[in-house]
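Participant: turn this into a structure:
(chains A and B)
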Amino acid sequence: MSKGKVWKYGDDVNTDVIFPGKYTYSVLDPEEMAKHALEDLDPAFALEVKPGDIVLAGKNFGCGSSREQAATCLKYAGVQAVVAKSFARIFFRNAINQGLPVVQCSEAVDNADAGEEISIDFSKGVVETSKGVFDFVPLPQSILRILDAGGLIPFTKKKMEKGKN
Amino acid sequence: MGQTFSEKVLSAKAGKWVRAGEIVTVSPDYILSHDNSAAIIKEFHKLAITTVRCTDKIVIVLDHVVPASTEKYAQNHKEIREFVREQNILHFFDVQHGICHQVFSENGFALPGKLILGADSHTTSYGAFGAFSVGIGRSEAASVWATDEIWLKVPETIRIEMSGKLPAMVFTKDVILKIIGEVGADRANYKAVEFAGPAVQGFSLASRLVMANMAAEMGAKNGYFFPDEKALAWLNGKARSEFDVMVSDPDAVYEAILSYDISSIEPQVACPHTVDNVCAVTEVEGTLFHQAIIGTCTNGRVEDLKVAAQILKGKKIQSGIRVLIIPASRREYLRALREGDLEILVDAGCLVLNPGCGPCLGAHQGVLAPGEVAVSTANRNFRGRMGSRDSAIYLASPATVAASALEGRIADPRNLV
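Facilitator: Numbering: from 1, shown residues only, chains lettered A, B, ... in the order given. Below you'll find the predicted structure:
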């Protein structure tokens, strides 16, 4: 995986600050969603984020609503992966289902600063920061297959096509 | 070794004995969605298939922005109605019915032992009736419409034992806020929460819904109450189908057992901007606010409106503030109307909105300007949720919100007794 610049946030980053509720039924295009990513947490993010950047956060990232746009807006903003101490359950599923890799690795979060470049090796299960190399438990194969397909919809589509043949 | 409720339901659905930590592929009994059905339909079409599976399992309730406030929302609703017709979806509730969680419950879909999926985080609500109900995302909802199956991890369970009796002007809303404040917003992440103990039998079904609904705010995958005689009596005549009461074995293994004596709980307030930022009402008494809200899927039932009406009867709300009343459903609205509660509330100066989510998620009907403060009976107070990112939300029980509406400042409802 190529290196990505770090955007670092705290604990309990919720879905309302990732993608405000007022846009949930009016902003429908993923590229447009990306323009509002993290709007109520860090208005600079959507303006300055570059493809391949990495979001680092504390515990319970993505808590709150089931709105999948919280994952979609980050993916279309170009975010390569979200590394957090832990993820809220529905966000975790939504991210996988949108093809946005999620990495649970507390040590990496504690040992990387905003603005530095870090890299993630998903197959080996390591995050490399300026302060060291930190292991994480790779996602199970069944989930990696969904990520590899680009998300749940392309994954299900492929599965159903296979079923027909 | 015995099983928890969640392990039992998922074992029954998976057709094999499972325990916490295992991953199962299961077929749900019902799948709920709301205004987000328009987005789910878009994902469904990407699958390049023409028809949904199990049209009798899909339940769609329009509630988030009802009636439509802009052309875009109107277009969403239109696309959903067209899809419902084309696909012959049996259970569709248009804009006049109310909030999905109340409509789903009162129409007898939320039943003991059922596996219910909902494209909404507060789908945990149906645990009030002994169902296993979990929130999912849009892609998953579309995928379930197409395949009639989903993978789920069997959750560990936290059991919350409640004893004692609620003091005057203290409600299950205060109990759940107290618990969330103590354990934190992620304590139950990926886990089931089982509400139990001798205090539960004293709780009405509406009060149980409050707790199961807000289990989501401690991160829970699902909430659960054992469906006792009171629950079964409530379901009598409403249940849509046969059901099996499922209950945790006495020797089930829990991740933790937490005990609360509810007799000593004071009215609680969740302060901005997280639901676990909780204190006793006495610590924030006197805080000025601009708008009060009594309603939502958490506290918009007749029981809640009645508490507010009793407090506001023959009185006027403080001048200079707005008080919005949002019944959870048309049925609850009609009952509160017939029983005189709405008349009292309107007479006191409150504004009654149509049943729906209203301003709870900041989409319409009473959003907040920068610098404004709301006191609400809703379940979430995240920054910017109800409008401006520079507004603030306090969460409390209907009694605390009504008492505060009289004063124009956050007030302790016990002072009215």
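Participant: which stretches of chain A have low pLDDT?
Facilitator: A:1, A:164-165 (pLDDT under 70).
Participant: what about the strands in chain A?
Facilitator: Listed in chain order, the strands of chain A (DSSP state E) span A:4-8, A:54-57, A:81-84, A:102-104, A:117-121, A:126-129, A:132-135.
Participant: let's check: the centremost residue of chain A is which one?
Facilitator: Nearest to the geometric centre of chain A sits A:V82, at 3.8 Å (C-alpha atoms, centre = their mean).
Participant: surely that residue is in contact with A:I96?
Facilitator: No: checked against C-beta atoms under 8 Å, the pair A:V82 and A:I96 is beyond contact range at 11.1 Å. For the C-beta atoms, the positions are set from N, CA and C on the backbone; glycine is no exception.
Participant: pretty sure B:A336 sits in a strand.
Facilitator: No: applying DSSP: H, G, I helix; E, B strand; the rest coil, one finds B:A336 to be helix, outside a strand.
Participant: ok so, going back, dump the strands of chain A to a markdown table, plus distance to B:S6.
Facilitator: Below are these laid out as a markdown table (distance: least, C-beta to C-beta, whole Å):
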| stretch | distance to B:S6 |
| --- | --- |
| strand A:4-8 | 35 |
| strand A:54-57 | 28 |
| strand A:81-84 | 25 |
| strand A:102-104 | 22 |
| strand A:117-121 | 33 |
| strand A:126-129 | 33 |
| strand A:132-135 | 31 |
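Participant: is B:S105 in contact with B:F129, as I believe?
Facilitator: Yes: between B:S105 and B:F129 there is a contact under C-beta under 8 Å: 6.9 Å.
Participant: give the contact list for the closest residue to A:T156 other than its chain neighbours.
Facilitator: Closest residue in space to A:T156, ignoring its immediate chain neighbours: B:S143 at 4.6 Å, by C-beta to C-beta, 6 or more residues apart in numbering or on different chains. Contact analysis of B:S143 by C-beta atoms under 8 Å, 6 or more residues apart in numbering or on different chains lists A:L152, A:I153, A:T156, B:E43, B:L47, B:I150.
Participant: so which helix or strand takes in B:S143?
Facilitator: helix B:138-147 (DSSP states H and E).
Participant: now do the helix or strand hosting B:L232: everything it contacts.
Facilitator: If you go by DSSP H and E, B:L232 is part of helix B:229-235. For helix B:229-235, contacts defined as C-beta under 8 Å, 6+ apart pick out B:108, B:111-112, B:128-130, B:201, B:204-205, B:208, B:225, B:227, B:245.
Participant: and the gap between the residue lying closest to B:V281 once chain neighbours are set aside and B:Q318?
Facilitator: Closest residue to B:V281 apart from its sequence neighbours, by C-beta to C-beta, 6+ apart: B:P267 at 4.2 Å. Separation of B:P267 from B:Q318 (C-beta to C-beta, to the nearest Å): 19 Å.
Participant: who has more neighbours, the two?
Facilitator: Set B:P267 next to B:Q318 and count neighbours by other C-beta atoms under 10 Å in any protein chain shown: B:P267 wins out with 25 against 18.
Participant: the more buried one contacts B:A280, doesn't it?
Facilitator: Yes: here B:P267 lies in contact with B:A280, judged by C-beta under 8 Å, at a distance of 7.0 Å.
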